[in-house]
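K.L.:
give me a 3D structure for the following:
(2 chains)
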Amino acid sequence: EAGVTQFPSHSVIEKGQTVTLRCDPISGHDNLYWYRRVMGKEIKFLLHFVKESKQDESGMPNNRFLAERTGGTYSTLKVQPAELEDSGVYFCASSQEGSGRVQYFGPGTRLTVT
Amino acid sequence: QKEVEQNSGPLSVPEGAIASLNCTYSDRVSQSFFWYRQYSGKSPELIMSIYSNGDKEDGRFTAQLNKASQYVSLLIRDSQPSDSATYLCAAYHWYSGGGADGLTFGKGTHLIIQP
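P.N.:
This is a model prediction of the structure:
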């Protein structure tokens, strides 16, 4: 069974540009989560989808971040316009239906904003 | 504000010894706890999950949970050099209405197993 996949693995963009990150969860997993790790800090929760519905986006830093999960399959996270402080590793995780389920993480996308 | 605290280390343990990793959490309603292992530049990999007070054993790993003290630990027996990694403690709770939020992570403990 394929794990969580993310694309791209690494992205370098200039301040003010737009970047879109993609996450493909494990097949059949209704829950999809986005997290971010900024250098020197802990992994922080950004938002949670159940199928195509956003359940909780309390961790989203600001309105420059837009997450979507059309059709309840893969998800995208767009940053527009990117700022220097957006640099970090963005992880996606998925879990089966139900609360408290184990989350399986993807390899992450390392975003560098210059 | 939910917080999970871990000693960042590094924690150095000789090969074959027991490595003991500790974690405390601030939110009394946290209900599920997880230990993830992360190698440098890789994704977090689940090692153990624990939901009830007491011990849970899986191979060389034992997770311990004490909800009264808000304390979670991970013991690694017969430590191997391949166990050298950063170990992340994470807590998860869901609301009485059935909703849930994401995991709250600690910063991780860097473990070094010395051959």
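
K.L.:
count the neighbours of B:Ser8 for me.
P.N.:
Using other Cβ atoms under 10 Å in any protein chain shown as the criterion, B:Ser8 is surrounded by 12 other residues. No exception for glycine: its C-beta is placed from N, CA and C like everyone else's.

K.L.:
over to B:Pro10?
P.N.:
Neighbour number of B:Pro10 under other Cβ under 10 Å is 12.

K.L.:
equivalent analysis for A:Asn62, please.
P.N.:
Around A:Asn62 there are 8 residues (other Cβ under 10 Å).

K.L.:
and it, helix, strand or coil?
P.N.:
In three-state terms, and counting by DSSP: H, G, I helix; E, B strand; the rest coil, A:Asn62 is coil.

K.L.:
so B:Ala19 makes contact with B:Ile76?
P.N.:
Yes: B:Ala19 is within contact range of B:Ile76, at 4.2 Å (criterion: Cβ atoms under 8 Å).

K.L.:
between the two, which contacts overlap?
P.N.:
B:Asp83, B:Leu111 (Cβ atoms under 8 Å, 6 or more residues apart in numbering or on different chains).

K.L.:
which ones are touching residue 54?
P.N.:
By default, I'm working from chain A. A:Leu47, A:His48, A:Ala67, A:Arg69.

K.L.:
nope, chain B please
P.N.:
B:Gln64, B:Leu65.

K.L.:
can you check the one 4 residues further on too?
P.N.:
With contacts defined as Cβ under 8 Å, 6+ apart, B:Asp58 is in contact with B:Met48.

K.L.:
ditto for A:Gly16
P.N.:
A:Pro81, A:Ala82.

K.L.:
how much space between it and chain B?
P.N.:
Counting by Cβ to the nearest Cβ, to the nearest Å, the gap from A:Gly16 to chain B is 28 Å.

K.L.:
figure out the helix or strand that that residue lives in.
P.N.:
For A:Gly16, there is no host helix or strand (DSSP states H and E).

K.L.:
got the phi and psi for it?
P.N.:
phi 100, psi -20 (degrees, to the nearest 10).

K.L.:
pLDDT wise, what is it at?
P.N.:
For A:Gly16, the pLDDT comes out at 97.

K.L.:
mind checking how far it is from A:Met39?
P.N.:
Using Cβ to Cβ, to the nearest Å, A:Gly16 is found at 21 Å from A:Met39.

K.L.:
cool, and A:Thr18?
P.N.:
22 Å.

K.L.:
which of these two has more residues huddled nearby?
P.N.:
Between A:Thr18 and A:Met39, counted using other Cβ under 10 Å, the more crowded position is A:Thr18 (11 against 7).

K.L.:
the more buried one is in contact with A:Gln80, isn't it?
P.N.:
Yes: taking contacts as Cβ under 8 Å, A:Thr18 lies within contact range of A:Gln80: 4.2 Å.

K.L.:
show me what contacts the residue nearest to A:Pro107 when sequence neighbours are not counted?
P.N.:
With Cβ to Cβ, 6 or more residues apart in numbering or on different chains as the criterion, A:Pro107 has its nearest non-adjacent residue at 4.7 Å, and that residue is B:Ser43. Under the criterion of Cβ under 8 Å, 6+ apart, the contact list for B:Ser43 reads A:Val4, A:Phe91, A:Phe105, A:Gly106, A:Pro107, A:Gly108.

K.L.:
make JSON lines from these and add pLDDT to it.
P.N.:
JSON lines is the format used below for those (pLDDT from 0 to 100):
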{"residue": "A:Val4", "pLDDT": "96"}
{"residue": "A:Phe91", "pLDDT": "97"}
{"residue": "A:Phe105", "pLDDT": "96"}
{"residue": "A:Gly106", "pLDDT": "96"}
{"residue": "A:Pro107", "pLDDT": "95"}
{"residue": "A:Gly108", "pLDDT": "96"}
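
K.L.:
having no further points to raise, I will conclude here.
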